[in-house]
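Novice: Based on what follows, work out the 3D shape:
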Amino acid sequence: MDPQFQKDLIATLLGVIPPALVGLVFYIVMRSILRADSKERKVWNQIEAEERLKAGLPAKKDAEAK
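Specialist: Residues are numbered from 1 along each chain as shown. Predicted structure coming up:
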């Protein structure tokens with residue numbers, strides 16, 4: 001390979017790799033936030049259903065559909 005081509009290739013890779021890594025970290029963080037939110041909602045609905053049952057109230061219609 002041409003030495004100039006190698007230098008250009010290395011410079012290009014060094015310019016592309018950091019944004020790709022930042023994008024990957026952003027994706028992982030957002031994915032974990034969204035998964036934690038959905039799990040929290042599921043647990044919250046479970047707790048609410050248990051409390052409604054203890055209080056003698058009927059189940060929510062949203063909980064029945066799921």
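Novice: name the helices or strands packed onto the helix or strand harbouring I47?
Specialist: Using DSSP states H and E, I47 maps to helix 3-55. For helix 3-55, the packing partners by 3 or more CB pairs under 8 Å, 6 or more residues apart in numbering; DSSP states H and E come out as helix 61-65. (Glycine included, C-beta is placed from N, CA and C.)
Novice: tell me the mean pLDDT for the helix it packs on?
Specialist: Averaging pLDDT along helix 61-65 yields 58.
Novice: ok, now stretch 38-48?
Specialist: The pLDDT scores in stretch 38-48 average 94.
Novice: just how off-centre is that stretch within its chain?
Specialist: Computed by CA atoms, centre = their mean, to the nearest Å, the chain-centroid distance of stretch 38-48 equals 17 Å.
Novice: Skipping its backbone neighbours, what lies nearest L53 in space?
Specialist: Spatial nearest neighbour of L53, chain neighbours left out: A59 (7.6 Å); criterion: CB to CB, 6 or more residues apart in numbering.
Novice: What is the burial count for the one you found?
Specialist: Residues contacting A59 under the criterion other CB atoms under 10 Å number 11.
Novice: That one in helix, strand or coil?
Specialist: Under the three-state scheme (DSSP: H, G, I helix; E, B strand; the rest coil), A59 adopts coil.
Novice: In contact with it, which residues?
Specialist: Taking CB atoms under 8 Å, 6 or more residues apart in numbering, we find A59 in contact with 49, 52-53.
Novice: So L14 versus M1, what's the distance?
Specialist: For L14, the distance to M1 (CB to CB, to the nearest Å) stands at 17 Å.
Novice: Which one's more surrounded, these two?
Specialist: Shown here are L14 and M1; by other CB under 10 Å, L14 has more neighbours (9 against 6).
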